[in-house]
Structures are given as structure tokens and as C-alpha cells.
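Trainee: quick one, fold the following:
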Amino acid sequence: QVQLVESGGGLVQPGGSLRLSCAASGFTSSRYAMSWYRQAPGKGRELVAAITSAGGSTSYADSVSGRFTISRDNAKNTVDLQLNSLKPEDTAVYSCAARHMLTGNYEYWGQGTQVTVSS
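Mentor: Purely as a prediction, here's the structure:
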């Protein structure tokens, strides 16, 4: 059974940090580029960060560049997102997604984990 399961979300004060993790199972995650998306209430889905299949290249939305870091461990089939200097506008449901390295199609999505930044 193919699964992407996110964890690590929660409530944090502005300026705080969280580390999200996405655990992949049921497929060979090393053949997929991985991305983190977020969706805030009443807003569209936003691509936050992405990492290539081997982890050699990363990219970030301008809104999180310099504050968030994406990483992956293909031996453990995990992709992490370190969130630092969090702001209230970072509040959203964060989901991971797997994009096949050959077709470019997003094939798998997780259910998401809630991040709330509030004092």
C-alpha cells in the first residue's frame, strides 16, 4: 500500500521552529522528486519547497526562502522540512507529494499536518 504520512505539525509561537517529516512507503521514493505544499484556510495550495530525487538540488518559494530547509534520506524513505523563524502567515496544512522523476507527474500525496503559528 502506497502511503505518504506527514508528522511534526503543531502550535508554535511566532519566531519558533518546527520540523516536519514525511514518511514514504509502498514505493521507491528515490525515483521521485519530493515537494512540500501548504494550504491556508481560504487560500490556494502553495508549493513551499522541493528536492530532487537524489537530493542534490532544492528550491523554495520566495516567502520561505532562508527560513525553511528541505532534506531527504532515501535510505529511510523520509523527507523533512525544517521551519524556522515562523510567522503567523505560515499557518497552514502542510502536505508532502511525490513527483516521478521521468514523467514529472505528481503521483502520491499525503494527508497533511497542521502548522499553527500564534501567540
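Trainee: mind listing residues that contact the helix or strand of the chain with the lowest mean pLDDT?
Mentor: Across the helices and strands of the chain, mean pLDDT, DSSP states H and E gives its lowest value to strand 106-109, namely a mean of 93. With C-beta atoms under 8 Å, 6 or more residues apart in numbering as the test, strand 106-109 has contacts from V2, L4, A24, F27, Y32, S35, S95, C96, A97, A98, R99, H100. Yep, even glycine has a C-beta here, placed from its N, CA and C like the rest.
Trainee: give me that answer again for 10 Å
Mentor: Counting by C-beta atoms under 10 Å, 6 or more residues apart in numbering, strand 106-109 makes contact with 2-4, 24, 26-27, 29, 32-35, 37, 95-100, all of which sit outside it.
Trainee: so S30 belongs to a strand, correct?
Mentor: No: looking at S30 with DSSP: H, G, I helix; E, B strand; the rest coil, it is helix, so not inside a strand.
Trainee: ok, now which ones touch it?
Mentor: If you count contacts by C-beta under 10 Å, 6+ apart, S30 has them with A24, S53, A54, G55, R72, N74, A75, N77, M101.
Trainee: what about 6 Å?
Mentor: Each residue near S30 by C-beta atoms under 6 Å, 6 or more residues apart in numbering is listed here: S53, N74.
Trainee: try V93
Mentor: The neighbours of V93, taking C-beta under 6 Å, 6+ apart as the test, are Q39, G112, Q114.
Trainee: pLDDT score assigned to the last one?
Mentor: This means Q114. In the predicted model, Q114 carries a pLDDT score of 98.
Trainee: list the residues that contact the residue lying closest to it once chain neighbours are set aside.
Mentor: Excluding its sequence neighbours, the residue lying closest to Q114 (C-beta to C-beta, 6 or more residues apart in numbering) is G9, at 4.8 Å. Going by C-beta under 6 Å, 6+ apart, G9 touches T113, Q114, V115.
Trainee: so P88 sits right up against S119, yeah?
Mentor: No: counting by C-beta atoms under 6 Å, P88 does not reach S119; the two are 8.3 Å apart.
Trainee: okay, those two: which has more neighbours?
Mentor: Between P88 and S119, counting by other C-beta atoms under 10 Å, P88 is the more crowded of the two (11 against 8).
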